[in-house]
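> need coordinates for the below:
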Amino acid sequence: MEALPLPVLADPAPEIDPRRTWATIARSGWLILGCVLLALAAGAVAVRRMDPVYQSTASIRIDAKPGTIGAAAMYGIPTDNVTLVATAMEELTSRSLASDVADSLGLRLQLVAPRRTPRSAVIQWAHVDARAPLQTYTFAPASNDRVTVREMSGKSVGTFPLASAIALPGASVQLTPNALANGTVTLQLTSLENASAIVRARTQVTQPNLNANIVLVTYEGNDPILVRDLANVTAARYVRKRLEAEKASARSTVVLLRQQLDTLGKQMRSREVAVSEFLQANRIISV
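Residues are numbered from 1 along each chain as shown. Below is the predicted model:
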């Protein structure tokens, strides 16, 4: 019987020599330093080119309907409160509400240039009519704190004081005092559908607590003033629309009750006349 060969043991790992390691680092020192500086420069450029993102949130309380039956939730049946909150969330993301918000804030007038500039830094307020033509305008600084407005084709719209409202075909706009600090500004009139699509794309409606009838409307963007206004105006417009709907429902209920009251009054009068005629025909003095 032959003996099996013994396994060959591997040599233990050699010890790290600090002098050889330092020599290797010293030979590649410039390469390492160049890579570090290149990474820092790339990070600085990326941070400078990154647009800041702001967020605003508005909370809306949805009042529950009285007389809600709590036993329905035990059997998995949606209660009136659940339906009410779900309906409110759908209305807050609807196209009609987004169009109302975009129209009230004059968002049909979009800032094209300079890029990476918040809209609120150029436009103080804007109002656009429904039939305003879709056009692009350039605003160039003129002498004596005035601004010259031209269409993209070169046609002159006029020269206006910077501190006053500027009248455009179908629209009016008020620029901020520092709107032309960096030179020419380009504004574009878009359709209401495009403006409402931008509003809907930035809208996020959530219900943080399923047991509470409170929804949150959140907006994100690079313009802190516009983001704040979008959240506030959306909440205000929704509350106003809901109040108008409740008033219309109350008015229709009052009209229905008045009609029923008139009908009952006519029936009572006709019955009184019939009873009076019967008593007279039968010579009955007192019932």
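> Gln207 contacts Leu84, doesn't it?
No: look at Gln207 against Leu84 with C-beta atoms under 8 Å: they stay out of range, at 11.4 Å. Backbone N, C-alpha and C define where each C-beta goes, glycine included.
> contacts for whatever helix or strand Trp30 lives in, please.
Following DSSP states H and E, one finds Trp30 within helix 29-49. Residues from elsewhere that reach helix 29-49 (C-beta atoms under 8 Å, 6 or more residues apart in numbering): Ile25.
> figure out how far that helix is from the centre of its chain.
38 Å (C-alpha atoms, centre = their mean, to the nearest Å).
> using PDB, write out the CA atom coordinates for that helix.
C-alpha atoms of helix 29-49 as PDB (Å, rounded to 0.1, in the frame of the first residue of the first chain):
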ATOM      1  CA  GLY A  29       1.700  60.900  -6.500                       C
ATOM      2  CA  TRP A  30       1.000  63.300  -9.300                       C
ATOM      3  CA  LEU A  31      -1.400  60.800 -10.900                       C
ATOM      4  CA  ILE A  32      -3.300  60.400  -7.600                       C
ATOM      5  CA  LEU A  33      -3.400  64.100  -7.000                       C
ATOM      6  CA  GLY A  34      -4.600  64.800 -10.500                       C
ATOM      7  CA  CYS A  35      -7.500  62.200 -10.100                       C
ATOM      8  CA  VAL A  36      -8.500  63.800  -6.800                       C
ATOM      9  CA  LEU A  37      -8.500  67.300  -8.300                       C
ATOM     10  CA  LEU A  38     -10.400  66.100 -11.400                       C
ATOM     11  CA  ALA A  39     -13.100  64.500  -9.200                       C
ATOM     12  CA  LEU A  40     -13.400  67.700  -7.100                       C
ATOM     13  CA  ALA A  41     -13.700  69.800 -10.200                       C
ATOM     14  CA  ALA A  42     -16.400  67.500 -11.700                       C
ATOM     15  CA  GLY A  43     -18.300  67.600  -8.400                       C
ATOM     16  CA  ALA A  44     -18.200  71.400  -8.300                       C
ATOM     17  CA  VAL A  45     -19.400  71.700 -11.900                       C
ATOM     18  CA  ALA A  46     -22.200  69.300 -11.300                       C
ATOM     19  CA  VAL A  47     -23.300  71.200  -8.200                       C
ATOM     20  CA  ARG A  48     -23.200  74.500 -10.000                       C
ATOM     21  CA  ARG A  49     -25.300  73.200 -12.900                       C
END
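> could you point out which element follows it?
strand 54-61.
> how far does that following strand sit from its chain's centre?
10 Å.
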